[in-house]
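Participant: Provided below are the primary sequence and the corresponding predicted coordinates.
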Amino acid sequence: EPEVTQTPSHQVTQMGQEVILRCVPISNHLYFYWYRQILGQKVEFLVSFYNNEISEKSEIFDDQFSVERPDGSNFTLKIRSTKLEDSAMYFCASSEYRVWAETQYFGPGTRLLVL
Amino acid sequence: AQKVTQAQTEISVVEKEDVTLDCVYETRDTTYYLFWYKQPPSGELVFLIRRNSFDEQNEISGRYSWNFQKSTSSFNFTITASQVVDSAVYFCALTGTASKLTFGTGTRLQVTL
């Protein structure tokens, strides 16, 4: 069964460093998302992406964050200068169509720890 | 603004007991979708069900069932004859005219022998 994959599974970085989190969405999916979950808290929407541009972003997704689809398979989230409060689990998700309410399938997550 | 409330932070049951996880939502959208996701200890988010606002029929899938009541803005999830493998955090989520999911805070279910 096709699934969303994410690398790395864990990342430890120093405050101020740049990190890139990678995702490979399900191959025929067209709509991509990033969410984050701070330890013990709820899952929060960061950004949605379709047709090579951001469709929607939350207030969390400030200038320190960027997303890119560098090729036909990868979808990346970059944090330019990490802060302690960026420590969280980051989930990538994808859905098949650009239709609201289409089911989003999540990857296993990348646990980011900023020291 | 959309909001999902899962008032039960943690529930503990003994195996074979039935358990109901509550979900109450708020939205101004007339058309919306509700979801349940499971987050096992390994951390991934597993899709369980999607229900649209026009379909108030209850749904059953094996030991899982869902009760959607628009009148009370609730979308409750029942596990019948719970098993240890059901131990996880369960999230209710909502999407309206925007495609982003709004999640509740989750209910941690602990099933013991």
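Facilitator: Sure, I can see it.
Participant: residue B:19 contacts residue B:11, doesn't it?
Facilitator: Yes. The pair residue B:19 and residue B:11 qualifies as a contact (Cβ atoms under 8 Å) at a distance of 6.0 Å. Placement of C-beta: from N, CA and C, glycine included.
Participant: hey, what's in contact with both of these two?
Facilitator: residue B:109 (Cβ atoms under 8 Å, 6 or more residues apart in numbering or on different chains).
Participant: run through chain A and note the low-pLDDT ranges.
Facilitator: For chain A, the stretches flagged by pLDDT under 70 are A:98-101.
Participant: again, 90 this time
Facilitator: For chain A, applying pLDDT under 90 flags the ranges A:1-2, A:27-28, A:30, A:40, A:51, A:70-73, A:96-103.
Participant: near chain B, which residues of it show up?
Facilitator: Within chain A, the positions near chain B by Cβ under 8 Å from any Cβ of the partner chain are A:31, A:33, A:35, A:41-45, A:48, A:55-56, A:58, A:89, A:91, A:93, A:95, A:99-109, A:111.
Participant: buried subset of those, written for ChimeraX?
Facilitator: Of the residues of chain A next to chain B, the buried ones can be selected in ChimeraX as follows, counting by 16 or more other Cβ atoms under 10 Å in any protein chain shown:
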select /A:31,33,35,42,43,44,45,48,55,58,89,91,93,95,100,101,102,103,104,105,106,107,108,109,111
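Participant: residues in contact with the closest residue to residue A:106 other than its chain neighbours?
Facilitator: Distance criterion Cβ to Cβ, 6 or more residues apart in numbering or on different chains; nearest residue to residue A:106, sequence neighbours excluded, is residue B:45 at 3.9 Å. Neighbouring residues of residue B:45 by Cβ under 8 Å, 6+ apart: A:43, A:91, A:93, A:106, A:109, B:37-39, B:91.
Participant: assign the residue nearest the centre of chain A to helix, strand or coil.
Facilitator: In chain A, the residue lying closest to the centroid (Cα atoms, centre = their mean) is residue A:34, at 3.1 Å. For residue A:34, the assignment made with DSSP: H, G, I helix; E, B strand; the rest coil gives strand.
Participant: secondary structure element for the closest residue to it other than its chain neighbours, which one?
Facilitator: Excluding the flanking residues, the one nearest residue A:34 by Cβ to Cβ, 6+ apart is residue A:46, at 4.3 Å. If you go by DSSP states H and E, residue A:46 is part of strand A:43-50.
Participant: which other helices and strands does that strand contact?
Facilitator: strand A:31-37, strand A:53-57, strand A:65-68, strand A:75-79, strand B:102-103 (3 or more Cβ pairs under 8 Å, 6 or more residues apart in numbering or on different chains; DSSP states H and E).
Participant: would you reformat those as a markdown table and include distance to residue B:82?
Facilitator: Formatted as a markdown table, these follow (distance: least, Cβ to Cβ, whole Å):
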| stretch | distance to residue B:82 |
| --- | --- |
| strand A:31-37 | 24 |
| strand A:53-57 | 37 |
| strand A:65-68 | 39 |
| strand A:75-79 | 36 |
| strand B:102-103 | 23 |
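Participant: out of the ones you listed, flag the one nearest residue B:112.
Facilitator: strand A:31-37 (25.3 Å; Cβ to Cβ).
Participant: and the closest one, which strands flank it?
Facilitator: When pairing is defined by DSSP bridges, strand A:31-37 lines up against strand A:43-50 (antiparallel), strand A:88-95 (antiparallel).
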